[in-house]
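Novice: The following block contains a protein sequence and its predicted model.
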Amino acid sequence: MTIGIDIRALAGQRAGKGWSVYHILKNLTLLPEAAEHRFILYAKEKPVFDFSLPDNFVIRIKNQPNLLWHWAVANELNFSAKIDIYLSPVSFIVPALVPKKCVVIVNDLVAKLFPAGHDRKATLVENLTLRPALRNSRAVIAISESTKRDLEKYYPFARGKITVAPLAASGPAKMATEAEKRAVLEKYRLPKKFLFFVGTLEPRKNIVRIVKAYDQVKDKLGADFVLAGKKGWQWEEIFDTIKRLGLDKRVHYLRYISNLDLPLLYQSASLLVFPSLYEGFGLPVLEAMAAGCPVVTSRVSSLPEVAGQAAVLVDPNRTEDIVRGISEAWQRRKELAEAGKIQAGKFSWEKTAGRILEILSEKKEATS
């Protein structure tokens, strides 16, 4: 079987979806059963890997503007390429243009459920292409049971096509020494005690309420707050709130953290505070748990299934409940850290890649 995969998300500084594609591809190359297949990796520019691609993985670069890139790949799949099945992990455009040859991964329904707080262009494109992509695709992979339920609710015609393949946390290669923790804190000029948030700065991440909750507990805990992630959209209110509350010296903003440093910061943090209003999965929750960092998160969308019983769950719409969750988690840090490691161990990228390859194989055989 020849499998095409869109790997454009690997280019540049990777955010959540980019790292998901990275781990899926890396673990596909390690699966013994993958040796039976040929993989064509569609890219816009030459990607940089820190792992070796086996001979049956071939990169096909199409250096074209985004719209033309999608059109060129769709034409190839429709008319010329000997691709049996195409995996689209971050975009619905090619599956919307290609009947019966694609498997699409749906990471979330943010554009559908939170259009006002999402990037306008991305919302327009996703809302135009998701429905035809779901109709055209041989199979749909949801990254959580919550995302599957959302798909079945809003796109009931796709029932029967949807399978769940949950994400995972890579986890630190090893637990950091005290010297390594000190070094990363010095590098980013951070204090020893801090609450941590990781994610794109956008409304659904609920950061304004996190800042307000932090303001109420900062003196009792004696900890600062570290906010890490690129600026997405409508982020100005976050910094306005920090300034208005006089927290400029207690809140530290890190625009980008390297993949090597992030596990060290998770291990150094006192708590991860992640009461998002909506997630398709919630990878920072699992990453923090794998690193032994206690977690406060929401009891909505996918977050309870990811966190299990190993986090303090809160109502993300109530600042006072976030305050309550932070205070409770602070008291239970040791217990939550141990429970979190166990919970994170239930997920693995090897399992995720294996399940995706199974789905691709099943859908190819079903049409053979």
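Specialist: Looks like it arrived, so ask away. Residues are numbered from 1 along each chain as shown.
Novice: CA only for contacts and neighbour counts going forward, please
Specialist: Noted.
Novice: So which residues of the stretch 201-350 of the chain form helices?
Specialist: For the stretch 201-350 of the chain, the helices defined by DSSP state H, counting those that start in this stretch cover 207-221, 236-244, 262-268, 283-290, 303-307, 319-331, 333-344, 349-366.
Novice: Just say which of the ones you listed is most tucked in.
Specialist: Across these, the average number of neighbours (mean count of other Cα atoms under 10 Å) peaks for helix 283-290, which reaches a mean of 26.
Novice: Measure how it sits relative to helix 333-344, angle-wise.
Specialist: Relative orientation of helix 283-290 versus helix 333-344 (axes from the mean of the first three to the mean of the last three Cα atoms, to 10 degrees): 110 degrees.
Novice: contacting residues around helix 283-290?
Specialist: Applying Cα atoms under 8 Å, 6 or more residues apart in numbering, the contact partners of helix 283-290 are 16, 167-172, 198-199, 263, 266-267, 272, 274, 294-295, 297, 303, 306-307, 337, 340-341, 343-345.
Novice: Listing request: residues of the chain with sub-threshold pLDDT.
Specialist: Scanning the chain for pLDDT under 70 picks out 117, 171-173, 363-368.
Novice: Where does the record place the domain boundaries for it?
Specialist: 2-167+348-366, 178-344 (automatic domain parsing).
Novice: still on that earlier bit, looking at the helices of the stretch 201-350 of the chain, which is nearest to V104?
Specialist: helix 349-366 (10.3 Å; Cα to Cα).
Novice: Check which helices and strands that closest one sits against.
Specialist: Applying 3 or more Cα pairs under 8 Å, 6 or more residues apart in numbering; DSSP states H and E, we find helix 349-366 packed against helix 16-30, strand 139-142.
Novice: 7 Å - rerun?
Specialist: helix 16-30 (3 or more Cα pairs under 7 Å, 6 or more residues apart in numbering; DSSP states H and E).
Novice: next one: the helix it packs on to chain centre, how far?
Specialist: In this view, helix 16-30 has its centroid 11 Å away from the chain centroid, taken as Cα atoms, centre = their mean, to the nearest Å.
Novice: Please point out which parts of it sit buried.
Specialist: Buried residues in helix 16-30, defined by neighbour count with 16 or more other Cα atoms under 10 Å: 18-30.
Novice: Would you reformat the helices of the stretch 201-350 of the chain as JSON lines and include distance to I83?
Specialist: Putting the helices of the stretch 201-350 of the chain into JSON lines (distance: least, Cα to Cα, whole Å) gives the following:
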{"stretch": "helix 207-221", "distance to I83": "43"}
{"stretch": "helix 236-244", "distance to I83": "45"}
{"stretch": "helix 262-268", "distance to I83": "37"}
{"stretch": "helix 283-290", "distance to I83": "31"}
{"stretch": "helix 303-307", "distance to I83": "34"}
{"stretch": "helix 319-331", "distance to I83": "49"}
{"stretch": "helix 333-344", "distance to I83": "35"}
{"stretch": "helix 349-366", "distance to I83": "11"}
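Novice: For F57, which of the ones you listed is the nearest?
Specialist: It is, among those and with distance given as Cα to Cα, helix 349-366, at 14.1 Å.
Novice: Contacts made by that closest one with the rest, please.
Specialist: Identification of contacts with helix 349-366 by Cα atoms under 7 Å, 6 or more residues apart in numbering yields 23-24, 27-28, 84-85, 138, 165-168.
Novice: Taking those residues, tell me the two that lie furthest apart.
Specialist: D84 and A168 (27.3 Å).
Novice: The two - which one has more neighbours?
Specialist: The neighbour comparison of D84 against A168 (other Cα atoms under 10 Å) goes to A168, with 26 against 20.
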